[in-house]
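[1] just a sequence and a predicted model for now, questions to come.
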Amino acid sequence: MLKAISRRFWLGSLIAAVALTLVACGGGQPEVQTVVVEKVVEKTVLVVQTAAPKVVEKTVLVVETAAPKIVEKTVLVVQTATPVATSPASVPTKPSIVRSSRQITWALDSNIPTLDVHKTTANPRIGALHAQETLFSFDADLIPQPVLVRDWSTSKDGLTWTFKLREGITFNGPVEGRPFTSEHAMRSWKRWIERDNFGIILNKFIASIETPDPLTLVVTLKEPSGLLLDGFARIGGHEPVMMPPEMYEVSPEKGPGPGEMETFGGTGPYKLVSWKGDRIRFEKWGGYKSPAGPVSFYAGAKHAHARALEAVVIPESGARIAALSTGQVDWIGVIPGEQRSRVQAMKDVSVWVNETGAVRIGVWPDHVEGPMSHAAVRKALMMAYPKENALLVAAGSRDLYRTCGSLMICKTRWGGLRTPGDEIYYDPPNVKAAKQLVADAGVSGATVILLAVEATANVAQVTQSVLTDLGFVVDLQVSDAATYSKRRSDPKTMDLFHTGGPVSWGGISPLLNSSISKKTFWNNYQDPTGRFTAMLDEFAKAPRERQDELIKEMQMLFYQDLQYIPIGETLPLIAQKSKLRGVEINMGGPPSMVNAWLDD
C-alpha cells in the first residue's frame with residue numbers, strides 16, 4: 001500500500017513541477033492561465049503515516065497546460081514524524097493515533113529584539129513562522145509553491161505576471177478579521193524589496209507593481225527573470241512576509257520592539273497574545289484558512305495542532321538542558337556535542353542530528369593585498385588543508401560533519417556537484433606541492449594575520465598549523481565578536497578570517513552568497529576576469545535550465561579564483577522531548593511548530 005501511495009505522490013509532484021517550470025521559464029512559452037486550482041474536490045481518506053496514522057484531507061489539484069486539457073491528480077498526504085528534519089530517534093516504537101492539542105513550549109537562546117523581520121534577522125522569525133506568511137513558500141525540492149496565491153499566469157513574453165489571491169484570507173492582528181488584499185501584498189512586498197539584498201537584486205528587473213482589484217496583483221518586469229517566485233518565497237535574510245498596514249506603513253527601524261504588540265499581525269495560523277520580558281505566547285487562531293497540499297518544507301497545509309505555543313528565553317546552554325530534563329520545555333534545539341551523552345541518558349528525551357541545518361565553514365582570504373591576494377597562494381592553502389581533521393575539531397564527532405566542496409551547500413538545489421578542478425578539495429593534502437606554489441609566488445616567510453572568534457579558535461589553530469607548514473609566520477588573533485568584525489573589515493588588519501554560512505546563504509541561490517560576489521563581503525573578491533560577475537548577472541535573468549548550466553560554470557571558476565577556502569559542513573545536534581512530533585527545522589533556521597504536536 002505504501003509503495004502505491006509513494007508512486008502516485010511522486011507522479012503528482014512531477015506534474016506540478018513541470019507546470020511550475022513552464023511558468024518560470026517565461027519568454028517563448030504559451031501563456032499558462034491557471035497553474036493551481038485549490039481545493040476543487042475535498043474528500044476524506046485514511047492515509048498511512050509512519051509515526052501516527054490519522055485521517056487527513058485528500059486534495060485534488062488541477063493542472064491546466066497550454067493545450068485545452070485538464071489533468072486531475074489526487075495528492076495523498078503522507079507525513080512523517082518530522083516532515084523536514086526527520087529524526088529517527090523521535091519515532092516511537094509503537095504507532096500512536098492520538099495527537100495532543102496541548103501547549104508546546106520551547107527555549108530560545110537569546111532575547112527577541114523585535115518581531116519585524118525587516119528590522120533584523122536575530123530571532124524575529126518566531127513571529128514570521130507562526131503568525132505571518134509569504135505569498136509563496138519553498139517545498140522540499142526548493143520549488144516555490146503558492147500559499148496566499150490561488151493561481152497565477154505569465155504573458156508570452158515573460159514580462160507580465162498576474163497573481164490571483166485566495167479569497168477569504170484575513171489578518172489575525174492587530175485588527176482581527178481584517179481582509180487581506182492585493183494592496184497589503186503590494187505594500188508588504190515593496191517594503192521587503194527596499195530592505196533585503198535579494199530584493200534589491202530583484203528590484204532591478206521590476207517595472208511596476210499594480211493592484212487592479214482587491215484580489216489581483218500584477219508584476220511587470222523590464223526583462224525576463226527567473227527570480228520572481230524565488231523572491232516571493234525568500235527565506236533567510238529579511239523575509240517577504242505579508243503585514244498589516246500598522247507594520248508596513250512604518251520603516252523597519254521603527255518596527256515593533258520588545259513587548260510591543262499594537263502593530264504586529266499576519267495571516268498565519270497562530271495569533272500573538274502575549275509578549276512580556278523573556279516570554280512570548282501565540283494561541284491558535286480560529287479564523288485561519290490553510291493552503292492545500294501535503295506538508296513539504298515551508299509549503300503545504302498548516303495544521304496548527306497545538307492550542308498554544310510559548311517560547312521562553314534561557315540564554316545559558318546548561319540551563320536549557322536542565323529545563324528540558326525537568327519538563328519545563330519540550331524543545332531546546334541545538335546542544336553542544338560534548339553534552340550529547342548526558343542528554344541522551346535523560347528520560348523521555350530524544351537527541352538527533354539535523355541534516356537540513358548544515359553550516360558551511362571555511363577560511364576567507366583577503367583578495368586586496370598581502371600574500372593571500374595571490375590566486376596561487378589560495379590554491380596552495382586549499383591543496384594542503386586537512387579538511388577531515390579540521391571538521392572533526394569543529395564538530396567533535398564524525399556524524400556531525402560532512403565533506404563537501406561544491407559551490408552550493410550539499411543536499412540543496414545545486415549542492416554536491418562535481419566539476420573539473422574541484423579535485424583540489426577532494427584529493428588528499430599535498431603540502432610539498434603547495435609549499436612550492438608559495439615559493440614560486442615569492443611570499444615564503446611572510447607574516448599572515450589570521451582572525452577568529454572563540455567559537456572558531458580550535459579550527460583556526462588547524463589553519464595556523466597548515467600555514468606554518470607552508471612557510472608563513474602566523475599571527476593568530478582570537479577576539480570577541482565586535483573586535484573580530486572591526487578587524488576583518490580592514491584589509492590592513494587581516495589576511496584570513498574564519499566564519500561560516502547556513503543553507504539559506506549557500507543553498508538557495510548563488511546571488512544570496514555575498515562572499516562569492518565582487519567586493520560585497522569582507523574578503524573583497526576582485527573577480528579579475530569579470531567572468532564571475534557576468535555569470536551572476538546572467539543567472540538573475542536565466543530560466544532554470546540555464547541556471548543549472550551556469551552553476552557548473554561558476555563552480556569551475558570558483559576553484560580557479562577561490563573566493564574562500566571551503567573546509568566542509570557541520571551539522572547541528574538537536575534535543576527535544578520524545579513525545580514532540582512534527583517540528584520543522586528548515587535550513588538551519590529556528591523551529592516551526594505550525595505542524596507540531598505532542599503524543600498522548
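    Alright, I've got the coordinates. Residues are numbered from 1 along each chain as shown.

[2] any low-confidence regions in the stretch 201-350 of the chain?
    Within the stretch 201-350 of the chain, no stretch has pLDDT under 70.

[3] can we see that at 90?
    Low-confidence segments of the stretch 201-350 of the chain (pLDDT under 90): 201, 225-227, 234-238, 251-262, 276-278, 296-298, 336-338.

[4] tell me where it has strands.
    206-213, 216-221, 270-276, 279-284, 308-313, 331-334, 349-353 (DSSP state E, counting those that start in this stretch).

[5] to Gln145, which of those strands lies closest?
    strand 216-221 (16.8 Å; Cβ to Cβ). Heads up, the C-betas are built off the backbone N, CA and C, glycines and all.

[6] the closest one pairs with which strands?
    Paired strands of strand 216-221, with direction, are strand 160-165 (antiparallel), strand 206-213 (antiparallel) (DSSP bridges).

[7] for the last one, C-alpha coordinates in CSV please.
    Yep, that's strand 206-213 we're talking about. Only the C-alpha atoms of strand 206-213 are listed here, as CSV (Å, rounded to 0.1, in the frame of the first residue of the first chain):
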residue,chain,number,x,y,z
ILE,A,206,10.7,45.3,-11.9
ALA,A,207,9.0,47.9,-14.0
SER,A,208,5.8,48.2,-12.0
ILE,A,209,3.5,46.5,-9.3
GLU,A,210,-0.2,47.1,-9.7
THR,A,211,-3.4,46.1,-7.9
PRO,A,212,-6.3,46.3,-10.4
ASP,A,213,-8.7,44.8,-7.9
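
[8] got the buried residues for that strand?
    206, 209, 211 (16 or more other Cβ atoms under 10 Å).

[9] show me the contact partners of it.
    For strand 206-213, contacts defined as Cβ atoms under 8 Å, 6 or more residues apart in numbering pick out 159, 181-183, 185-186, 189-190, 193, 217-222.

[10] doesn't Glu167 make contact with Leu215?
    Yes: with contact defined as Cβ atoms under 8 Å, Leu215 counts as touching Glu167 (6.6 Å).

[11] what helix or strand is the residue sitting nearest the centre point of the chain on?
    Centroid-nearest residue in the chain, with Cα atoms, centre = their mean: Ser504, separated by 3.4 Å. Assigned by DSSP states H and E, Ser504 belongs to helix 503-506.

[12] how near is Val353 to Glu569?
    According to Cβ to Cβ, to the nearest Å, Val353 stands 12 Å off from Glu569.

[13] my bad, should have said Ile200
    Distance, Ile200 to Glu569, using Cβ to Cβ: 28 Å.

[14] just checking, Gly506 touches Ile409?
    Yes: the criterion here is Cβ under 8 Å, and Gly506 meets it with Ile409 at 4.4 Å.

[15] identify the contacts common to the two.
    Residues touching both Gly506 and Ile409 (Cβ under 8 Å, 6+ apart): Arg360.

[16] one step back: so between Ile200 and Glu569, which is more surrounded?
    Between Ile200 and Glu569, Glu569 has the larger neighbour count (other Cβ atoms under 10 Å), namely 29 against 11.

[17] need the nearest residue in space to that one, chain neighbours excluded.
    Ala358 (4.2 Å; Cβ to Cβ, 6 or more residues apart in numbering).

[18] what about Asp529, how many residues close to it?
    No Asp there; residue 529 is Thr. Neighbours of Thr529 (other Cβ under 10 Å): 11.

[19] can you check Ser489 too?
    11.

[20] how close does the nearest residue to Gly507 once chain neighbours are set aside sit to Pro510?
    Counting by Cβ to Cβ, 6+ apart, Gly507 lies nearest to Thr412, which is 3.3 Å off, once chain neighbours are set aside. Using Cβ to Cβ, one obtains 11 Å as the distance from Thr412 to Pro510.

[21] thought Phe532 was touching Met554?
    Yes: when contacts are counted by Cβ under 8 Å, Phe532 is listed as touching Met554 (6.6 Å).

[22] overlap in contacts of these two?
    Residues within reach of Phe532 and of Met554 at once, by Cβ under 8 Å, 6+ apart, are Ile516.

[23] related to what we said a few turns ago, redo the strands of the stretch 201-350 of the chain as JSON lines? Include distance to Gly259.
    As requested, the strands of the stretch 201-350 of the chain are exported to JSON lines (distance: least, Cβ to Cβ, whole Å):
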{"stretch": "strand 206-213", "distance to Gly259": "34"}
{"stretch": "strand 216-221", "distance to Gly259": "33"}
{"stretch": "strand 270-276", "distance to Gly259": "5"}
{"stretch": "strand 279-284", "distance to Gly259": "9"}
{"stretch": "strand 308-313", "distance to Gly259": "13"}
{"stretch": "strand 331-334", "distance to Gly259": "23"}
{"stretch": "strand 349-353", "distance to Gly259": "32"}
